[in-house]
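>>> Return atomic coordinates for the entry below.
(chains A and B)
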Amino acid sequence: SQTIHQWPATLVQPVGSPLSLECTVEGTSNPNLYWYRQAAGRGLQLLFYSVGIGQISSEVPQNLSASRPQDRQFILSSKKLLLSDSGFYLCAWRGQIEAFFGQGTRLTVV
Amino acid sequence: GIQVEQSPPDLILQEGANSTLRCNFSDSVNNLQWFHQNPWGQLINLFYIPSGTKQNGRLSATTVATERYSLLYISSSQTTDSGVYFCAGHNAGNMLTFGGGTRLMVKP
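Here you go, the predicted structure:
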């Protein structure tokens, strides 16, 4: 069966520090992969999605970037975090039918 | 692009009551999912329902694709049903767009 791993679960980072969040999927190949951000406990904003290795689509101009170095690995990064980057980040994968989500990373920028 | 709207934004129920949550979506949506976000933030898949009706225990969902809406029914609500309910639409371009959610509180 397919599983999705996302880490870390929580993260506290100072303003101006770099960020790297990793998401991996097991049990499937060539999935669509997504990064979402949720602020203030409501509404999921699509940040990036990928339909294959090296293929990244960005939905919103951000202080963030994404990469897909391997088929089942999706990384969210920032060179310098801003206070406004705080939030709950969720990774998701989709095969042929429905999408499934990881546990999420709660990021607090201080 | 995809547009997904949910109503009501907030809902308070007494335990045992029934409720209906609505999701309207644009004509570029070709598949629909319902999720429940628990208090720990985890998104739980409820239904994948591009059309028709499905039931799972006390929950059921109906999507009328020709009229571009979907309904989630919760019967005999329990306190554990509390949380935020999201619908999300897929399009042919692999985007998955969420509605704003319905925050449900079930009181004992």
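>>> how about the residues of chain B that lie near chain A?
B:31, B:33, B:35, B:41-43, B:45, B:48, B:84, B:86, B:88, B:90, B:94-98, B:100-101, B:103 (C-beta under 8 Å from any C-beta of the partner chain). Heads up, the C-betas are built off the backbone N, CA and C, glycines and all.
>>> Buried ones among the residues you listed?
B:31, B:33, B:35, B:41, B:43, B:48, B:84, B:86, B:88, B:90, B:95-98, B:100-101, B:103 (16 or more other C-beta atoms under 10 Å in any protein chain shown).
>>> mind listing which of those are in strands?
The members of these that map onto strands under DSSP state E are B:31, B:33, B:35, B:43, B:48, B:84, B:86, B:88, B:90, B:96-98, B:103.
>>> Which one of those is nearest to A:P14?
Distance to A:P14 across these (C-beta to C-beta) is lowest for B:L43, with 28.8 Å.
>>> one step back: please tabulate the ones in strands among the buried ones among the residues of chain B next to chain A in a markdown table, including the columns pLDDT.
Below are those laid out as a markdown table (pLDDT from 0 to 100):
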| residue | pLDDT |
| --- | --- |
| B:N31 | 85 |
| B:Q33 | 95 |
| B:F35 | 97 |
| B:L43 | 94 |
| B:Y48 | 95 |
| B:V84 | 95 |
| B:F86 | 97 |
| B:A88 | 94 |
| B:H90 | 87 |
| B:L96 | 87 |
| B:T97 | 90 |
| B:F98 | 93 |
| B:R103 | 95 |
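>>> OK, contacts around residue 60?
No chain specified, so I'll use chain A. Residues near A:V60 by C-beta atoms under 8 Å, 6 or more residues apart in numbering or on different chains: A:Q45, A:L46, A:L47.
>>> my bad, chain B
B:T53, B:K54, B:L72, B:Y73, B:S75.
>>> The last one and B:N18 touch, don't they?
Yes: taking C-beta atoms under 8 Å as the definition, B:S75 is a contact partner of B:N18 at 4.9 Å.
>>> re the thing from before, neighbour count, secondary structure and pLDDT for the contacts of A:V60 - can I get that in JSON lines?
As requested, the contacts of A:V60 are arranged in JSON lines below (neighbours: other C-beta atoms under 10 Å in any protein chain shown; DSSP: H, G, I helix; E, B strand; the rest coil; pLDDT from 0 to 100):
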{"residue": "A:Q45", "neighbour count": "15", "secondary structure": "strand", "pLDDT": "91"}
{"residue": "A:L46", "neighbour count": "20", "secondary structure": "strand", "pLDDT": "91"}
{"residue": "A:L47", "neighbour count": "20", "secondary structure": "strand", "pLDDT": "93"}
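>>> Also near chain B: which of the residues you listed, exactly?
Restricting the contacts of A:V60 to contacts with chain B (C-beta under 8 Å from any C-beta) yields A:L46.
>>> which one among the contacts of A:V60 gets closest to B:Q3?
Out of these, the member with the shortest distance to B:Q3 (by C-beta to C-beta) is A:L46, at 13.0 Å.
>>> Skip the chain neighbours and tell me the closest residue to that closest one.
A:E59 (4.7 Å; C-beta to C-beta, 6 or more residues apart in numbering or on different chains).
>>> For chain A, what lies in contact range of chain B?
A:32, A:34, A:36, A:38, A:41-44, A:46, A:49, A:51, A:59, A:88, A:90, A:92, A:94, A:97-101, A:103-104, A:106.
>>> The same query, at a cut-off of 10 Å, please.
Residues of chain A lying close to chain B (C-beta under 10 Å from any C-beta of the partner chain) are A:9, A:32-34, A:36, A:38, A:41-46, A:49-51, A:57, A:59, A:88, A:90, A:92, A:94, A:97-106.
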